[in-house]
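S.K.: just need the structure, nothing else, for what follows:
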Amino acid sequence: MVAVTLMWSIAGLVTRQLEAAKGFEQTFWRSFFTAASLLVILPLWRGPTRVWAQLRYAPPTLWWSGLCWGFMFTSFMLALTMTSVANVLVISALNPLLTALLAWVVLRQRIAVSTWLAILLAGLGTVWMFAGQMDDGTWQGMAVALLVPLTAAINWIIVQHAHAHGADVDLVPSVLVGAVLSALATLPFALPLQATPHDLGLLALLGLVQLAIPCTLLVLCARVLKAPEISLLGQLEILFGILLVWVGAGEAPSVAVMQGGALVLLALLGNELLRWNKTT
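M.R.: Numbers count the residues shown, from 1 in each chain. Here you go, the predicted model:
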């Protein structure tokens, strides 16, 4: 799981090394290479017959989940081109708290007092970050980044609703669907394609190492680790990602991000530690 978070965290550093590919083209190529990688990995892992049968007879939930993955892939990469890596990673990490809120609204699940406090603390940290970015205009990128945890939370709600009604949703094929949808949706906006061979190599690296492989490994981790353990270890992506882009690209986080991000990270860690204690 630590290796998964380390692989996730390379996105910011790699995108800062691109020469010609911009915005939508970065998103298109990463999603394209993710889909291509999964089209090799999944048949080798599960057998081609099973994979195609899963897609051919997939329930509507898998396609809805794939649509959510597509939104996540697209908004994450676009946000990286609009604001700092630290902003995107901290905002994206709000997923567990937004999921709790949506579960309360849609599934009528109770929210513990500690989780309400974590939501409040993380909300204050997020507002502080937005306020600190108003002057330089990068708040738009943070707004786009908010789509990542929001669609991730919607994805979780969709899957949980399906499980409650006796359906089993395999998330790995839905990641493939999401990558294909993201590539198709962004291609018209990416034209004319201007990526250099250097850019294509780096974006292929993202598709394989930053998405396809860790998403596959995450499914294996979920069979062994409890949900709070996965969430806790997942927060390492914030630290790894900020450190990598700071050291490798000289992109130091602003004071507002350091302050607001500390509140968000404190809220997330506190909430997940309490959940972990309840499950052990």
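
S.K.: which ones are touching residue 247?
M.R.: Contacts for residue 247 were tallied using C-beta atoms under 8 Å, 6 or more residues apart in numbering; there are none. In short, each C-beta sits where N, CA and C put it, glycine included.

S.K.: could you identify the helix or strand that succeeds the least confident helix or strand in the chain by mean pLDDT?
M.R.: None of the helices or strands of the chain scores lower by mean pLDDT, DSSP states H and E than helix 227-234, at a mean of 74. Downstream of helix 227-234, the next assigned helix or strand under DSSP states H and E is helix 236-249.

S.K.: what's the least confident helix or strand of the chain packed up against?
M.R.: Judged by 3 or more C-beta pairs under 8 Å, 6 or more residues apart in numbering; DSSP states H and E, helix 227-234 is in contact with helix 2-8, helix 213-222, helix 255-279.

S.K.: in that helix, what's buried?
M.R.: 228-234 (16 or more other C-beta atoms under 10 Å).

S.K.: now swap in stretch 260-271 and tell me
M.R.: By 16+ other C-beta under 10 Å, the buried positions in stretch 260-271 come out as 260-261, 263-265, 267-268, 270-271.

S.K.: could you dump those to TSV with distance to residue 193?
M.R.: Output for these, formatted as TSV (distance: C-beta to C-beta, whole Å):
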residue	distance to residue 193
260	37
261	35
263	41
264	36
265	38
267	41
268	38
270	45
271	43
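
S.K.: residue 90: which of these is nearest?
M.R.: Closest approach between the buried residues of stretch 260-271 and residue 90, by C-beta to C-beta: residue 261, at 4.2 Å.

S.K.: just give the nearest non-adjacent residue to that closest one, would you?
M.R.: residue 90 (4.2 Å; C-beta to C-beta, 6 or more residues apart in numbering).

S.K.: next one: residue 150
M.R.: Closest to residue 150 by C-beta to C-beta, 6+ apart is residue 98, at 5.9 Å.

S.K.: run a quick neighbour tally on the one you found.
M.R.: Neighbour count for residue 98, taken as other C-beta atoms under 10 Å: 20.

S.K.: tell me the pLDDT of it.
M.R.: Residue 98 carries a pLDDT value of 85.

S.K.: contacts only, for it.
M.R.: 149-150, 152-153.

S.K.: what about it, distance to residue 148?
M.R.: Remark: distance between residue 98 and residue 148 (C-beta to C-beta, to the nearest Å) = 10 Å.

S.K.: residue 18 now?
M.R.: In terms of C-beta to C-beta, residue 18 sits 20 Å off from residue 148.

S.K.: just the CA trace of stretch 146-157, in PDB.
M.R.: What follows is stretch 146-157 as a C-alpha-only set of coordinates in PDB (Å, rounded to 0.1, in the frame of the first residue of the first chain):
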ATOM      1  CA  LEU A 146     -12.700  19.400  -5.800                       C
ATOM      2  CA  LEU A 147     -14.300  17.300  -8.500                       C
ATOM      3  CA  VAL A 148     -11.800  14.500  -7.800                       C
ATOM      4  CA  PRO A 149     -13.000  13.700  -4.200                       C
ATOM      5  CA  LEU A 150     -16.600  14.600  -5.000                       C
ATOM      6  CA  THR A 151     -16.800  12.100  -7.900                       C
ATOM      7  CA  ALA A 152     -14.800   9.500  -5.800                       C
ATOM      8  CA  ALA A 153     -17.400   9.900  -3.100                       C
ATOM      9  CA  ILE A 154     -20.200   9.500  -5.600                       C
ATOM     10  CA  ASN A 155     -18.500   6.400  -7.000                       C
ATOM     11  CA  TRP A 156     -18.400   4.900  -3.500                       C
ATOM     12  CA  ILE A 157     -22.100   5.600  -3.000                       C
END
